[in-house]
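Participant: A predicted structure for the sequence below; I have some questions about it.
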Amino acid sequence: MFSIKLALSLSFDTAKQIDNDMNNSTQKSIRNLSIAILVIGGLALAWTCILMFCQIWTENNIHHIIWNPEIKGWQIFILAARFIGLTLLYVLCWVFLCRTNRGLKDGDIFPKSNISLLRWSTLIAALLSLVHSNYDAVMKGESELMLDSYIILVPLIVLLFAGLYKMAYLAAKDSKLAI
C-alpha cells in the first residue's frame, strides 16, 4: 500500500515538474519574443523619426517636404500626429508586453489592465490610419484630405482583438474559479 502511495505521489510530482518546465519554457519564449518585438519596434520607430526629421529639416533629401502656406496647419498636424501617434503606439506596446510578462510570472495569463490598453490603441490606430492616408499629400504640399477604408477597418480590427482579449480574460478568470 505504501509503495502505491509513493508511486502515485512521485508520478504527480513528476507531472507537476513537467508542467512547471513547460510553463517556464513558454514564459521564456514569450519574454524573448517580447524583447525581439520591442527591439525591432524601437528600431522601426527610430528609423521613421529620423526619416521624418530629415524630410523636414534637410533640403538635400529627395522626399523633402514642400511647405504650402494655405495648409501649413494641416501639414504640421499630420507630421506631429505621425510622430506622437507612433511613439504612443510603441509605448502602449511596451506597457502591454511588460504587463503580459509580469502577469505570466504571477500566473495571470491575461491581465485585466491590458483590455483598456488595447481600447486606447484603437484610437491611436484610427489616428495613424488617417495620418498614413494623408502623409504623401502633405509632403507634396497638396491641399486634399484623403479618407480610405483603412481609417475604419484598422481600428475595428484592433477593437475586435480587444474584445477577444476580454473574452480570454473572462474565460481564464472562470477557469480559475472552477479549479
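Facilitator: Structure received.
Participant: Tell me which stretches of the chain form helices.
Facilitator: Applying DSSP state H to the chain gives helices spanning 2-57, 72-106, 113-140, 150-178.
Participant: Any chance of JSON lines for those, columns mean pLDDT?
Facilitator: Shown next, in JSON lines, are the helices of the chain (pLDDT from 0 to 100):
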{"stretch": "helix 2-57", "mean pLDDT": "75"}
{"stretch": "helix 72-106", "mean pLDDT": "94"}
{"stretch": "helix 113-140", "mean pLDDT": "94"}
{"stretch": "helix 150-178", "mean pLDDT": "91"}
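Participant: Out of these, which gets nearest to Ile66?
Facilitator: Closest to Ile66 of the helices of the chain is helix 113-140 (C-beta to C-beta; 5.9 Å). Heads up, the C-betas are built off the backbone N, CA and C, glycines and all.
Participant: Phe77 and Ile71, how far apart?
Facilitator: Phe77 sits 10 Å away from Ile71 when distances are taken as C-beta to C-beta, to the nearest Å.
Participant: between those two, which one's more packed in?
Facilitator: Neighbours were counted for Phe77 and for Ile71 using other C-beta atoms under 10 Å; Ile71 has more, 18 against 15.
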